[in-house]
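A.B. asks: A structural model of the following input is requested.
(chains A and B)
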Protein chains: 2
Amino acid sequence: MAAGPGQVPGPPPALLTEAGIIAALTPALPGRPDIRLGIGDDGAVLRPSPGTELVVVTDAVVEGTHFPAGIPARAIGHRALAVNLSDLAAMGATPRWATLALSLPAPQSGWLREFAAGLLELAAATGTALVGGDTVTGPLFATVTAIGEVPAGQPAGRRGARPGDGVFVTGTPGDAVQGRLLLESARHDAAADYLRSRFLHPEARLAAGRALRPLASAMLDVSDGLDQDLRRIAAASAVGLQLDVNALPLSPQLRDVAGPDAVARALTGGDDYELAFTAPAEEAAPIAAIAAAAGCAITRIGTVVAGSAVRWHDGGREYPVPAGAWQHFGAGA
Amino acid sequence: MAAGPGQVPGPPPALLTEAGIIAALTPALPGRPDIRLGIGDDGAVLRPSPGTELVVVTDAVVEGTHFPAGIPARAIGHRALAVNLSDLAAMGATPRWATLALSLPAPQSGWLREFAAGLLELAAATGTALVGGDTVTGPLFATVTAIGEVPAGQPAGRRGARPGDGVFVTGTPGDAVQGRLLLESARHDAAADYLRSRFLHPEARLAAGRALRPLASAMLDVSDGLDQDLRRIAAASAVGLQLDVNALPLSPQLRDVAGPDAVARALTGGDDYELAFTAPAEEAAPIAAIAAAAGCAITRIGTVVAGSAVRWHDGGREYPVPAGAWQHFGAGA
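C.D. replies: As a prediction, the model looks like this:
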């Protein structure tokens, strides 16, 4: 893996000035009518679209907390934006603009070029313009704030789940945490490589989120583990959930590598950046169509019930969520 | 001074859960029609005002880079928002919303209560609603993104200075850096206390910025030192500047404490969060009226000229800006 700042052996790396850092992070984008003033002044001046509301999200990624030291700079740049786009996806928003606050122990041109490539490639692919930022000397972290737009009045949030609704999840949760566990592993077969890429290059479910939001009664992105995040929907909506571990969409690669721990990875692993949501049962057909159009699996894993209990079942028995579940202080607000 | 995280002696401090942190940072605000969904979901849903453009700014404050370890938590909370409001002031924007990404080594309830008080008091005083955030375990830093509004089409930025324009600055630059140098000093007379408060509680010039922006040809906030920031205006506008050190508005407290170094503090000190701007000479009377209305001094210190040279003069001689000028990597983009 690429060495992080402060770990590069051999000759001293090329150091950048602040102007060089800004240049590396300022893509040569064609003009956009929604950006009157971008990077280079005290603030960006932006033009929201008529008939929309803004969705604003912010997440920081910190070395040692959200990713281990030494992962490729390109993956860190990708992650810094992707975790924010995932929040926008959960709100059904179309990404428009982002700002970056980047703190580095020492500005190295090679590291920064890779970081910028990871962030800016994802920005370009999703229509997100980097319009401002701040660069500081300090511990390695990146805070991104992303701003998207939704049609005015669209449903939003995690408070609308009603008894009788189905509970759904996109993709295959559990892969990312298994990939993280494999970062230092010598295993390099296709399954291990796939799982590592799921950790290093999370994909925000923007298209699915945009299509699902008008019909979901509650939705969020799965960043802290499926079980914990579903409990957030239950608490916010004042409902209970009946969930089926045998319905969990586990990837063959996760089953291969994790074996009997695959379910635990999916329930408590975190870092998935999939969407979990509830929707009325009659939306099953539209949801299937959205899955096909977005090119990602959407699987029903349970039912909303009255009360407040969140229970997983394995056949007829209750399935106890493994202890040591993901309880990090670093969960997003 | 209050001890920072990780430095508290004696019994273990009260630790907070993430929910407790969010509760501490979520003010009990009356509903605002511009906020459809605030803290507690994946993103905030906000309603921009018709006829306005958005101004988005972001700045991180990092322990050891932007403030020394051990300064009061309340001052850190105030600073995290104030440095962003200062950028909004330079753009002439009215602050509306902000997000916070807060990283703490360990969440201590006393420290967090003070941090939140410092941030939220300034937010309330300026009409800024904290609408989202992220809390993580890591080194002590806070990234704030603030969003303001300006009338659509209002002048913005630092690129419009024209030869013949006057060069102006608000307030009394140099106080803050002198206050920072006094943090560890035993001197506690009125002058020293005033200068420390200028570092610990910077005041964004929001009212002055809003009034000045329509008539300023270029404006920015002075965060990295008056000389360096004026050079940014010159470079962005492709002009030169003739500046007079004897016109600098030095506070009596700075003259008292810094003596012969007072001019150097004002030129290279940084952390002032005053506004520097250029404006056509015929705007002198409106500018004087704005100064009176906003309750802060606005002083003409020079003239925009053709070319690209930025020169300070002391009577008939050129004044060399002292070496060791503020050249931190951490300057805002």
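
A.B. asks: Give me the three-state assignment for the nearest residue to A:A73 once chain neighbours are set aside.
C.D. replies: Computed as CB to CB, 6 or more residues apart in numbering or on different chains, the closest residue to A:A73 that is not its neighbour in sequence is A:E114, at 3.8 Å. The way it works is simple: take the backbone N, C-alpha and C, and place the C-beta from them, glycine included. Under DSSP: H, G, I helix; E, B strand; the rest coil, A:E114 falls in the helix class.

A.B. asks: pLDDT (mean, whole number) over the helix or strand harbouring A:A23?
C.D. replies: In this structure, A:A23 sits in helix A:18-25 according to DSSP states H and E. Confidence over helix A:18-25 (mean pLDDT, whole number) is 72.

A.B. asks: low-confidence ranges in chain A?
C.D. replies: Flagging of chain A using pLDDT under 70 yields the residue ranges A:1-19, A:27-30, A:324-333.

A.B. asks: With just CA atoms, put stretch A:257-266 into PDB.
C.D. replies: This file holds the C-alpha atoms of stretch A:257-266, laid out as PDB (Å, rounded to 0.1, in the frame of the first residue of the first chain):
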ATOM      1  CA  VAL A 257     -14.300 -15.400   3.600                       C
ATOM      2  CA  ALA A 258     -16.300 -14.900   6.800                       C
ATOM      3  CA  GLY A 259     -17.900 -18.400   7.000                       C
ATOM      4  CA  PRO A 260     -20.100 -18.600  10.100                       C
ATOM      5  CA  ASP A 261     -19.400 -14.900  11.000                       C
ATOM      6  CA  ALA A 262     -21.000 -13.600   7.800                       C
ATOM      7  CA  VAL A 263     -24.300 -12.700   9.500                       C
ATOM      8  CA  ALA A 264     -22.500 -10.900  12.300                       C
ATOM      9  CA  ARG A 265     -20.500  -8.900   9.800                       C
ATOM     10  CA  ALA A 266     -23.700  -7.800   8.000                       C
END
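
A.B. asks: Who are the contact partners of A:L25?
C.D. replies: Shown in contact with A:L25 (CB atoms under 8 Å, 6 or more residues apart in numbering or on different chains): A:I39, A:L100, A:L102, A:L112, A:A116, A:L119, A:L120, A:L130, A:G133, B:A333.

A.B. asks: contacting residues for the second one?
C.D. replies: Contact partners of A:L100, counting by CB under 8 Å, 6+ apart, are A:L25, A:A80, A:L119, A:L130, A:G132, A:G133, A:D134, A:A142, A:T143, A:V144, B:T58.

A.B. asks: need the contact list for the second one.
C.D. replies: The one in question is A:A80. A:V61, A:L100, A:L119, A:A142, A:T143, A:V144.

A.B. asks: Surely the residue nearest to A:A73 and A:H78 touch.
C.D. replies: No - counting by CB atoms under 8 Å, A:E114 does not reach A:H78; the two are 10.1 Å apart.

A.B. asks: Look at those two and report which has more neighbours.
C.D. replies: Neighbours per residue (other CB atoms under 10 Å in any protein chain shown) separate A:E114 from A:H78, with A:H78 holding more: 23 against 19.

A.B. asks: quick one: contacts for that one?
C.D. replies: A:H78 makes contact with A:G118, A:L119, A:E121, A:L122, A:L200, A:H201, A:P202, according to CB under 8 Å, 6+ apart.

A.B. asks: Over to A:P214?
C.D. replies: Contacts of A:P214 by CB under 8 Å, 6+ apart are A:G92, A:Q154, A:P155.

A.B. asks: pretty sure it belongs to a helix, no?
C.D. replies: No - read with three-state DSSP, A:P214 is coil and lies in no helix.

A.B. asks: Distance of it relative to A:T128?
C.D. replies: Distance, A:P214 to A:T128, using CB to CB, to the nearest Å: 22 Å.

A.B. asks: show me where chain A has strands.
C.D. replies: Ranges of strands in chain A, per DSSP state E, are A:35-37, A:44-46, A:52-62, A:94-104, A:129-137, A:141-151, A:166-170, A:218-222, A:240-244, A:274-279, A:298-305, A:310-314, A:317-319.

A.B. asks: Tell me which strands the third one pairs with, and in which orientation.
C.D. replies: If I follow you right, that is strand A:52-62. Note on strand A:52-62: by DSSP bridges, its sheet partners are strand A:141-151 (antiparallel), strand B:44-46 (antiparallel).

A.B. asks: deepest of those, which one?
C.D. replies: With neighbours taken as mean count of other CB atoms under 10 Å in any protein chain shown, these reach their highest mean count in strand A:141-151, at a mean of 27.

A.B. asks: quick one, that one and strand B:94-104 angle?
C.D. replies: Calculated by axes from the mean of the first three to the mean of the last three CA atoms, to 10 degrees, strand A:141-151 forms an angle of 140 degrees with strand B:94-104.

A.B. asks: Return the distance of strand A:141-151 from the chain's centre.
C.D. replies: Remark: strand A:141-151 is offset 12 Å from the chain centroid, using CA atoms, centre = their mean, to the nearest Å.

A.B. asks: So which of the contacts of A:L25 is the closest to A:F277?
C.D. replies: Minimum distance to A:F277 across the contacts of A:L25 is 27.4 Å, recorded for A:L119 (CB to CB).

A.B. asks: Please report how far the nearest residue to that closest one once chain neighbours are set aside lies from chain B.
C.D. replies: Counting by CB to CB, 6+ apart, A:L119 lies nearest to A:G77, which is 3.7 Å off, once chain neighbours are set aside. If you measure A:G77 against chain B using CB to the nearest CB, to the nearest Å, the figure is 16 Å.

A.B. asks: Identify the residues contacting A:G77.
C.D. replies: Residues near A:G77 by CB under 8 Å, 6+ apart: A:E114, A:F115, A:A116, A:A117, A:G118, A:L119, A:L120, A:L122, A:A142.

A.B. asks: just to revisit the earlier point, closest one to B:G138 among the strands paired with strand A:52-62?
C.D. replies: strand A:141-151 (6.6 Å).

A.B. asks: List every C-alpha atom in that closest one, with coordinates, as CSV.
C.D. replies: This file holds the C-alpha atoms of strand A:141-151, laid out as CSV (Å, rounded to 0.1, in the frame of the first residue of the first chain):
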residue,chain,number,x,y,z
PHE,A,141,-8.2,14.3,8.3
ALA,A,142,-10.7,15.5,5.7
THR,A,143,-14.1,17.1,6.4
VAL,A,144,-16.4,17.3,3.4
THR,A,145,-19.7,19.2,3.4
ALA,A,146,-21.9,18.3,0.5
ILE,A,147,-25.0,20.2,-0.7
GLY,A,148,-27.7,18.6,-2.8
GLU,A,149,-31.1,19.5,-4.0
VAL,A,150,-34.5,17.8,-3.6
PRO,A,151,-37.9,18.8,-5.0
